[in-house]
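S.K.: Quick one, what's the 3D model for this:
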Amino acid sequence: MTKKGIIEEIFSKAKFADDPMLYRVFYRDFDSIKELTLPDFLKESNNFETIPVTRIQLIKKNNKILFKKSEHELS
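M.R.: Residues are numbered from 1 along each chain as shown. Here you go, the predicted model:
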């Protein structure tokens with residue numbers, strides 16, 4: 001499954017089968033990493049229009065890592 005497919009699956013499960021406030025999205029913003037709850041990320045990214053999926057570095061639910069961008073992946 002592609003990276004975008006994995007992220008979309010996590011987001012879908014969070015929105016429709018779980019509490020999306022439990023999910024934290026970490027994304028690259030220039031030279032820093034920002035952290036938002038999933039609902040806040042979806043608003044901020046305007047459904048991936050202003051923050052593309054390729055900038056997502058990490059997705060956590062509570063303290064469990066659900067997605068982590070590989071260090072060798074090109075941005």
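
S.K.: what's the offset of the helix or strand hosting Lys43 from the middle of its chain?
M.R.: Using DSSP states H and E, Lys43 falls within helix 38-45. How far helix 38-45 lies from its chain's middle: 9 Å, per CA atoms, centre = their mean, to the nearest Å.

S.K.: what's the next secondary structure element after it?
M.R.: strand 56-61.

S.K.: Can you give me the buried ones in that following strand?
M.R.: Neighbour-count burial for strand 56-61, with 16 or more other CB atoms under 10 Å as criterion, is recorded at 56-57, 59-61. For glycine as for every other residue, the C-beta is placed from the backbone atoms N, C-alpha and C.

S.K.: Each with direction, which strands does that strand pair with?
M.R.: Sheet pairing for strand 56-61, assigned by DSSP bridges, gives strand 23-29 (antiparallel), strand 64-68 (antiparallel).

S.K.: Export these as TSV, with columns for mean neighbour count and mean pLDDT.
M.R.: Listed next are the strands paired with strand 56-61 as TSV, based on neighbours: other CB atoms under 10 Å; pLDDT from 0 to 100:
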stretch	mean neighbour count	mean pLDDT
strand 23-29	19	97
strand 64-68	13	97
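
S.K.: so which of the ones you listed gets nearest Ile51?
M.R.: For Ile51, the closest of those is strand 23-29, at 5.8 Å, according to CB to CB.
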